[in-house]
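**Q** Next input, structure requested:
(one chain, ligands or ions: 2)
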Amino acid sequence: LPNDVLESFTRSDLYHNSFLIREDAGLESALKNSKEKGLRDIAVSPAQGKLLKLLAQSIGAKRILEVGTLGGCSTIWLAQALQPDGEIVTLEISEDNAKIARENLATAGLRNAQVVVGNAVETMATLNPEIPFDFVFIDADKPSNLTYFREAKRLVRKRGVIIVDNVVRKGDVACPSWSDASAEGVRTLLAALKDDKEVDATTIATVGEKGYDGFLYAIKL
Ligand code: DHB
Ligand code: MG
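**A** Numbering: from 1, shown residues only. Ligands and ions are numbered 1, 2, ... in the order given. This is a model prediction of the structure:
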C-alpha cells in the first residue's frame, strides 16, 4: 500500500483509539520489549486487540486458546477478557519468542496465561481439556490454517468462537493471479468452510495501522 494511504489508516486508528482505548502499561512494555528483542512488527493493532478482548468478553469467555503467541500482545488483550478464574493457553513454535512472551506476560502481571512451546500442529493435537475452550484465536503460520481450524473446532464448546487472523492479505487471497503459501493457506480454509455444516462464519475485512487485512469469525454450531 502507498505510504500516504497507510498514514491515513494509521491516523484514523490513532484518532479513534484516543477516545476508546486507554493506555495500558503492560501492553506498552510488551510492545517495547518485543521491538528491542527484534520481533517482527506483526502483532495485532490496539484496535484489533481491543476487538478480540470485547468479543471474548461478550461470550463470557473463561478459557481461551491462542495459536501463535509471538511476543504475547494479543495474549495480553485476550487475558483482559477473562473472568478472575479464567485462563489463556497460547501456543508458540519458537522457544525464543516464548521467552519474550513470558517476560511480557509477567511484566503485565498476568498469571493466568500459559505459553506452550512447540509446533501447534502437534501441541494442539495433544490438548484434550476436560472443559472445552470458549474462544480460539488462530494467528500462526498461514499454511496450517485448516489444520488449526479443525483442531479449534474439536477443542471449542458449542457456540464457542474461532477467529482467524490475516485472511484478506490486502486482497491477495481474492486475487486470481496471486499465489503464495499464506494466501493458499487461507484459500484452503475457505474452501473447507464452504461445505462445513458444523460452523457458521464470515470474513470481516480490517483496515488500520497494520494495513488492509481481515478476521474470519466463526461460531461452532
Ligand atoms: C504476518 C503474520 C501475521 O500474523 C500478521 O498479522 C501479519 C503478517 C506475516 O507472517 O507476515
Ligand atoms: Mg496476524
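**Q** got the phi/psi numbers for whichever residue of the chain sits closest to ligand 2?
**A** The chain approaches ligand 2 most closely through Asp165 (3.6 Å), counting by Cβ to the ion. Glycine gets a C-beta too; all of them are placed from N, C-alpha and C. With angles defined as degrees, to the nearest 10, Asp165 sits at phi -90, psi 160.
**Q** same deal with the one 10 residues further on?
**A** Cys175 has phi and psi values of phi -90, psi 110 when expressed as degrees, to the nearest 10.
**Q** okay, which residue of this structure is out on the far edge from center?
**A** The C-alpha centroid of the chain is most remote from Ser177, which lies 27.5 Å away (Cα atoms, centre = their mean).
**Q** what about that residue, distance to ligand 1?
**A** Ser177 sits at a distance of 20 Å from ligand 1 (criterion: Cβ to the nearest ligand atom, to the nearest Å).
**Q** Buried ones in the top helix by length along the chain, by neighbour count?
**A** Looking across the chain with DSSP state H, the single longest helix is helix 3-20. Neighbour-count burial for helix 3-20, with 16 or more other Cβ atoms under 10 Å as criterion, is recorded at Leu6, Phe9, Asp13, Asn17.
**Q** likewise stretch 163-177?
**A** By 16+ other Cβ under 10 Å, the buried positions in stretch 163-177 come out as Ile163, Val164, Asp165, Asn166, Val167, Val168, Arg169, Asp172, Val173.
**Q** Ok, stretch 20-38 next?
**A** Residues of stretch 20-38 classed as buried: Ile21, Asp24, Gly26, Leu27, Ser29, Ala30, Leu31, Asn33, Ser34 (neighbour count, 16+ other Cβ under 10 Å).
**Q** would you turn those into TSV with distance to ligand 1?
**A** Formatted as TSV, the buried residues of stretch 20-38 follow (distance: Cβ to the nearest ligand atom, whole Å):
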residue	distance to ligand 1
Ile21	18
Asp24	20
Gly26	20
Leu27	16
Ser29	21
Ala30	16
Leu31	14
Asn33	19
Ser34	13
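**Q** Sitting in helices, which of those residues do you find?
**A** Members of those lying in helices (criterion: DSSP H): Gly26, Leu27, Ser29, Ala30, Leu31, Asn33, Ser34.
**Q** The nearest residue to the second one once chain neighbours are set aside: what secondary structure?
**A** Excluding its sequence neighbours, the residue lying closest to Leu27 (Cβ to Cβ, 6 or more residues apart in numbering) is Ile76, at 5.3 Å. Secondary structure of Ile76, reduced to three states by DSSP: H, G, I helix; E, B strand; the rest coil: helix.
**Q** per-residue pLDDT, Ile76?
**A** pLDDT recorded at Ile76 is 98.
**Q** shift numbering so it begins at 220
**A** All right, first residue 220 from here; so that's Ile295.
**Q** Could you give the number of residues near it?
**A** Residues lying near Ile295 (other Cβ atoms under 10 Å) number 27.
**Q** Please apply the same query to Ala402.
**A** By other Cβ under 10 Å, the residues close to Ala402 number 20.
**Q** if I read this right, it contacts Gly390, doesn't it?
**A** No - because the distance of 10.0 Å does not satisfy Cβ atoms under 8 Å, Ala402 is recorded as not touching Gly390.
**Q** Please report how far Thr407 lies from Ala437.
**A** Thr407 sits 15 Å away from Ala437 when distances are taken as Cβ to Cβ, to the nearest Å.
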